[in-house]
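K.L.:
Sequence first, then the predicted structure:
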Amino acid sequence: MLEKFFQLKANKTSYRTEILAGITTFMTMAYILAVNPDILSATGMDKGAVFTATALASIVATLIMAFVAKLPFALAPGMGLNAFFAFTVVLGMGYSWQFALTAVFIEGIIFLLLTAFNIREIIVNSIPLNMKHSVSAGIGLFIAFIGLHNAGIVAANDATLVSLGDITSAPALVALTGLILTGVLLALKVKGALLIGIVASTLIGIPLGVTHLPEGIKLVSMPPSIDSVFFQFEFSKIFTVDMAVVLFTFLFVDMFDTVGTLVGVSSKAGMLDAKGNVPRAKQALFADAVGTTVGAMLGTSTVTTYVESASGVSEGGRTGLTSLTVAGMFLLALFFAPLFIMIPGAATAPALIMVGLFMLSPIQKIDLNDFTEAIPAFLTIIIMPLTYSIAEGIVFGMLSYVLLKMLTGKFRDLSITMYIIALLFIAKIIFA
């Protein structure tokens with residue numbers, strides 16, 4: 001039944017490949033189950049409740065991606081957005097976490113409306129093909145940078161901004177060992193190389209003190225209650241200027257993080273159609289919108305499509321069965337929380353670095369001889385890792401694309417949607 005529903009043969013894949021891809025994607029994004037509760041608990045939210053809300057929101061959104069969009073992408077509360085929620089809105093601006101949840105809830109409702117009227121899909125499809133390829137490459141560098149940073153291989157430096165970290169530290173050694181192992185497995189064309197690398201790195205991390213085993217032998221338990229964060233909204237301040245600023249920021253970052261991920265990973269997987277459009281983009285964006293709305297009701301920050309989905313795609317995932325597997329893993333995680341949370345960032349780093357390499361391949365399709373195409377593509381690629389933001393990379397790329405085309409008289413290369421997006425980006429830069 002699943003074979004027919006997901007059309008595995010038509011997509012040149014199999015049960016084994018899809019399930020393995022789903023497990024790999026989950027393993028590279030499982031850190032969110034530990035990181036999101038830790039970040040949001042800084043606002044006073046109950047950590048256990050946020051853990052459960054994070055898993056449940058991820059399950060709901062990813063199931064919609066599986067059964068409605070039928071695409072191999074996973075969703076969960078987004079990194080960066082959760083930090084904005086906690087450290088800017090609550091701790092910085094002084095609002096309650098209930099206020100922040102209200103902003104996320106309204107954002108989800110707006111996204112549902114934009115998706116219903118095809119506005120978000122129009123934006124996705126209006127991005128030029130060369131830009132879509134550059135988004136894939138930019139995300140690749142971004143993912144690799146995340147992996148290198150998580151392992152301590154690269155570190156912040158006041159003098160040079162970024163420098164080589166302490167590669168003799170335990171996390172760096174775990175990541176470098178895992179990277180070599182994963183590289184050898186990939187070279188030998190071993191199926192599941194990324195997943196094997198994650199598991200091996202986790203085991204290597206035990207004697208080095210990087211992987212922390214759960215206390216005692218109780219690995220299975222009922223998930224914590226969400227009563228303290230469920231449906232905790234504060235509607236009394238929704239018509240304030242601060243709410244408008246907070247809401248705009250949530251909308252902007254989530255919109256273009258999701259768009260960038262869908263376009264970039266689809267480009268890498270060879271899933272774009274002849275016109276360069278993402279298949280079933282509307283349904284994919286619907287999953288994101290519902291996830292954000294339901295997530296706010298459950299008690300967590302904005303849900304978005306994860307760039308780590310690229311790891312599963314790299315393992316051959318091509319259908320909704322991959323995302324269905326991810327949802328199943330999140331469900332298991334609810335009851336095996338200590339086991340999944342113990343996977344350290346250093347253990348997933350090798351997979352993220354390799355995925356960064358895989359996602360560079362569409363760069364070969366970019367026309368580097370036409371500078372009105374090459375310059376925006378280059379800016380998109382380089383800005384993403386340097387600003388630690390997919391959205392900012394898209395802003396620089398799209399604005400430079402429109403300006404260069406206009407100033408060189410190539411108006412036919414621009415759609416009305418591109419002009420509108422450029423104006424919105426300019427407004428964002430001026431008023432943000």
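P.N.:
Looks like it arrived, so ask away.
K.L.:
those strands in the stretch 51-200 of the chain, which residues are they?
P.N.:
Taking DSSP state E, counting those that start in this stretch as the criterion, the stretch 51-200 of the chain contains strands spanning 75-77, 154-157, 161-164.
K.L.:
Please work out which of these is packed deepest.
P.N.:
strand 75-77 (a mean of 31; mean count of other C-beta atoms under 10 Å). All C-beta atoms are positioned from the backbone trio N, CA, C, and that covers glycine.
K.L.:
Give the rounded mean pLDDT of that strand.
P.N.:
Mean pLDDT, computed over strand 75-77, is 94.
K.L.:
To L321, which of the strands of the stretch 51-200 of the chain lies closest?
P.N.:
Closest approach to L321 among the strands of the stretch 51-200 of the chain (C-beta to C-beta): strand 75-77, 15.8 Å.
K.L.:
Sheet partners, orientation included, of the closest one?
P.N.:
Strand 75-77 pairs in its sheet with strand 303-305 (antiparallel), by DSSP bridges.
K.L.:
got the strands of the stretch 51-200 of the chain as CSV, with distance to A351 columns?
P.N.:
Below are these laid out as CSV (distance: least, C-beta to C-beta, whole Å):
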stretch, distance to A351
strand 75-77, 16
strand 154-157, 17
strand 161-164, 21
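K.L.:
Quick check: buried residues in stretch 95-106?
P.N.:
Within stretch 95-106, the residues scored as buried using 16 or more other C-beta atoms under 10 Å are 95, 97-106.
K.L.:
Can you report how many residues lie near the nearest residue to H212 once chain neighbours are set aside?
P.N.:
Take H212 and drop its neighbours on the chain: the residue closest to it by C-beta to C-beta, 6 or more residues apart in numbering is M342, 5.8 Å away. The number of residues packed near M342 is 18, by other C-beta atoms under 10 Å.
K.L.:
now the one 5 residues further on
P.N.:
By other C-beta under 10 Å, 30 other residues sit near A347.
K.L.:
Confirm that it sits in a helix.
P.N.:
Yes: using DSSP: H, G, I helix; E, B strand; the rest coil, the assignment for A347 is a helix.
K.L.:
isn't it right up against L208?
P.N.:
No: A347 lies out of contact with L208 (C-beta atoms under 8 Å); the separation is 10.9 Å.
K.L.:
what do these two both touch?
P.N.:
V174 (C-beta atoms under 8 Å, 6 or more residues apart in numbering).
K.L.:
quick revisit: quick one: the residue nearest to H212 and T202 touch, right?
P.N.:
Yes: counting by C-beta under 8 Å, M342 touches T202, with 7.4 Å between them.
K.L.:
if I look at these two, which residues touch both of them?
P.N.:
T211.
K.L.:
Quick check: end-to-end length of stretch 224-233?
P.N.:
For stretch 224-233, the separation between the terminal residues is 20 Å (C-alpha to C-alpha, to the nearest Å).
K.L.:
tell me which residues in it are buried?
P.N.:
Using 16+ other C-beta under 10 Å as the test for burial, stretch 224-233 gives 224, 226, 229, 232-233.
K.L.:
Residues in contact with that stretch: which ones?
P.N.:
The contact list for stretch 224-233 (C-beta under 8 Å, 6+ apart) reads 45-46, 48-53, 56, 97-98, 101-102, 105, 296-300.
K.L.:
What is the burial count for V174?
P.N.:
Residues near V174, counting by other C-beta under 10 Å: 29.
K.L.:
go on, G276?
P.N.:
When neighbours are counted by other C-beta under 10 Å, G276 registers 17.
K.L.:
Can you classify it as helix, strand or coil?
P.N.:
coil.
K.L.:
now it: how far from P350?
P.N.:
Distance of G276 to P350, computed by C-beta to C-beta, to the nearest Å: 31 Å.
K.L.:
One more: V135?
P.N.:
From V135 over to P350 (counting by C-beta to C-beta), the distance is 24 Å.
K.L.:
more neighbours, those two?
P.N.:
V135 (33 against 28).
K.L.:
who touches the nearest residue to the more buried one once chain neighbours are set aside in this structure?
P.N.:
In space, and not counting its chain neighbours, V135 is closest to G264: 4.4 Å by C-beta to C-beta, 6+ apart. For G264, the contact set (C-beta under 8 Å, 6+ apart) comprises 132, 135-136, 138-140, 307, 310, 359, 390.
K.L.:
just K132 next, same as before
P.N.:
K132 neighbours (C-beta under 8 Å, 6+ apart): 263-264, 267, 272, 276, 362.
K.L.:
how about 6 Å then?
P.N.:
263, 267, 276 (C-beta atoms under 6 Å, 6 or more residues apart in numbering).
K.L.:
So what's the residue count around the first one?
P.N.:
In this case it means V263. So V263, with other C-beta under 10 Å, has 28 neighbours.
K.L.:
show me where pLDDT drops low in this protein?
P.N.:
For the chain, the stretches with pLDDT under 70 are 80, 214-219, 253, 256, 340-341, 432.
K.L.:
Skip ahead from the longest helix along it and say which helix or strand is next.
P.N.:
The longest helix of the chain (DSSP state H) is helix 241-269. Using DSSP states H and E, the helix or strand that follows helix 241-269 in sequence is helix 281-298.
K.L.:
Show me the contact partners of that next one.
P.N.:
Looking at helix 281-298 with C-beta under 6 Å, 6+ apart, the contacting residues turn out to be 53, 56-57, 60-61, 64-65, 68-69, 71, 75, 101, 104-105, 108, 111-112, 115, 120-121, 124, 231, 258, 262, 302-303, 305.
K.L.:
buried subset of the residues you listed?
P.N.:
Taking 16+ other C-beta under 10 Å as the criterion, what is buried in the contacts of helix 281-298 is 53, 56-57, 60-61, 64-65, 68-69, 71, 75, 101, 104-105, 108, 111-112, 115, 120-121, 124, 258, 262, 302-303, 305.
K.L.:
circling back: buried ones in the longest helix of the chain?
P.N.:
In helix 241-269, the ones that count as buried by 16+ other C-beta under 10 Å are 243, 245-269.
K.L.:
now it: how far from the chain's centre is it?
P.N.:
With C-alpha atoms, centre = their mean, to the nearest Å as the basis, helix 241-269 stands 10 Å off its chain's centre.
K.L.:
could you give the angle of it to helix 281-298?
P.N.:
140 degrees (axes from the mean of the first three to the mean of the last three C-alpha atoms, to 10 degrees).
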